[in-house]
Each structure stands twice: as structure tokens, then as C-alpha cells.
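In: quick one, structure for this:
(one chain, ligands or ions: 1)
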Amino acid sequence: MTIQVSALKWAPEFARGYVKDLRVRWALEEAELSYEPVLVGEDARAGRAYRAWQPIGQVPAFRDGQVEMFESGAIVLHIASKSEKLSPTDPAGRARVGSWVFAATTSIQPYVDNYAFLRPLLPDDKKDVVDAPLSARLGALQDWIGDGTYLEGRFTAGDLVMTTVIREVDDAVLARFPALLSYLERCQERPAFARALEAQLADFNDTS
Ligand SMILES: N[C@@H](CCC(=O)N[C@@H](CS)C(=O)NCC(=O)O)C(=O)O
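Out: As a prediction, this is how the structure comes out:
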């Protein structure tokens, strides 16, 4: 069967280009696997049928002929297991890719989210509660990348997911991390990223 990926039928302007089905679309583009988006509105996401596919009612969810799954990081790793474009095939290399996907989603993403959603609610003298941990994480990542091109010397699914997390960071913060900015540019210059982004943007339906 054609691979199916769920995506939002509609999103507010600020979220367009950042909805997490982008990760899956990008991975599929890198792996040269075709797919069809399944666009879901709020009612569908609340419904029984969609909850059987994505228990929390979020996007993305994924199905191919063999598996039906959810959580963008897990889906990207599943796609990576099928394509050397996204992961080395040796166990040691594969393990590193998994580490970076989890690092992006669980060790960096929460601090990016806190900055975006919690910081505006904090008084000026408390903003460092979110600023300092985010800077520490970005600094660690920048130190790791150093003069290198990618997290593990070649592009992998780890870079793909990390890019989608880091590109959400406020420009003013990112400006303090020039090596991260170069890394981000390098990853986002990939033609597969451009195709995935274009596809997500094209699928939003403003009439429903
Ligand atoms: N951890 C999930 C998060 C997915 C997620 O946050 N999806 C958002 C869009 S980016 C969503 O569906 N929001 C609607 C909602 O939470 O009800 C993943 O990575 O797949």
C-alpha cells in the first residue's frame, strides 16, 4: 500500500511549516519513498477511528503495508531502518542515530518549548529560569558539532529531527550560536527538506 501520513487540514499561520508531520515527510523524501497525506481536522482527530491510529489525537501518524504507528521520532526511526540515506546499517551506527533522535525530542525540545510557551508568562526577573537551560543545551550541542558538518560525520535521521527542533528556536537566541546556525542552514539546504516543507504548506486547506 502507499504509505500514509496524517497531517493537519488547517493550522494557524505561525505554526505552518513547523507541524511535526514535517519530520516524517522529510524522512520519506530523503528515503525516496512516496506517500499520501491524510489530512485531519479537529473533529476527525477527536473521533474513534483516528484515535485508533493516533491515541492522543495528534499528528503525525503513519502506516505502510506492515506497520501502523505514531510519534514522529519513532516514525522517522522506522523509515531510517529502511534507508541508508538516513542511517548507517551497522548496529553501532544505528544506535547513535537513535540516541540523537531521542536527544532532540527529549533533551532539547522541552527547553525550546519552555522558551516559546513559558517565557512570555514569566516576569523579567524570572526569565532566566528558561533562558539558562536552553542556552546550556544549545551550547552543548554547538560544542559537539564544533567544526563538523553533522552530528555523526554524515547526515542521518538524528540531524533531521534535531534540525526540526532547533529551527524553532528564537532567532535572537540562535544568533549567539554561530556553529549551530551554520548547521541548521546546511541541513535545511537539503532538497528533500525543501520538498517536505513545500508539501506541508501546500496541504493546508483554508476553506474548511
Ligand atoms: N510527540 C508528538 C507530538 C506531536 C504534536 O505535538 N503534534 C501537534 C502538531 S505539531 C498536534 O497534533 N497538535 C494538536 C493537539 O495536540 O491536539 C510527536 O512528535 O509526534
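
In: unless I'm mixing things up, residue 41 is touching residue 10, no?
Out: Yes - the criterion here is Cβ atoms under 8 Å, and residue 41 meets it with residue 10 at 6.7 Å. Placement of C-beta: from N, CA and C, glycine included.

In: contact residues of the chain facing the ligand?
Out: 19-20, 57-60, 71-73 (Cβ under 6 Å from any ligand atom).

In: most widely separated two among those?
Out: By the measure Cβ to Cβ, 57 and 73 form the most distant pair in the residues of the chain next to the ligand, at 17.8 Å.

In: doesn't residue 39 belong to a strand?
Out: Yes - assessed by DSSP: H, G, I helix; E, B strand; the rest coil, residue 39 belongs to a strand.

In: from here on, call the first residue 8.
Out: Right, with 8 as the first residue, what we last looked at is residue 46.

In: show me the contacts for it.
Out: Residue 46 makes contact with 13-16, 210, 212, according to Cβ atoms under 8 Å, 6 or more residues apart in numbering.

In: please redo it, this time with the cut-off set to 6 Å
Out: Shown in contact with residue 46 (Cβ atoms under 6 Å, 6 or more residues apart in numbering): 14, 16, 210.

In: most neighbours, which of the residues you listed?
Out: residue 14 (23 neighbours; other Cβ atoms under 10 Å).

In: residues contacting the strand or helix carrying that one, please?
Out: Here residue 14, judged by DSSP states H and E, is contained in strand 10-15. Outside of strand 10-15, the residues within contact range by Cβ under 6 Å, 6+ apart are 26, 28, 31, 42-47, 66-71, 210.

In: which helix or strand lies directly C-terminal to it?
Out: helix 28-37.

In: next, the angle strand 10-15 makes with that following helix.
Out: 150 degrees (axes from the mean of the first three to the mean of the last three Cα atoms, to 10 degrees).

In: end-to-end on stretch 169-189?
Out: 13 Å (Cα to Cα, to the nearest Å).

In: in stretch 157-173, what's buried?
Out: 157-159, 162-173 (16 or more other Cβ atoms under 10 Å).

In: let me see the mean pLDDT of it.
Out: Across stretch 157-173, pLDDT averages out at 98.

In: before we move on, back to that, keep only those of the residues of the chain next to the ligand that are in helices.
Out: Mapping the residues of the chain next to the ligand onto helices (DSSP state H) picks out 79-80.

In: quick one: buried residues of the top helix by length along the chain?
Out: Counting residues, the longest helix found in the chain (DSSP H) is helix 135-152. Neighbour counts over helix 135-152 (16+ other Cβ under 10 Å) mark 137-138, 141-142, 144-145, 148-149, 152 as buried.

In: picking that back up, neighbour count winner among residue 64 and residue 80?
Out: residue 80 (20 against 16).

In: let me see the contact set for the more buried one.
Out: Contacts of residue 80 by Cβ under 6 Å, 6+ apart are 108, 112, 168.

In: so of these, which ones are in helices?
Out: 108, 168.

In: quick one: contacts of stretch 139-159?
Out: 103, 107, 115, 118, 122, 165-166, 184, 186-187, 190.
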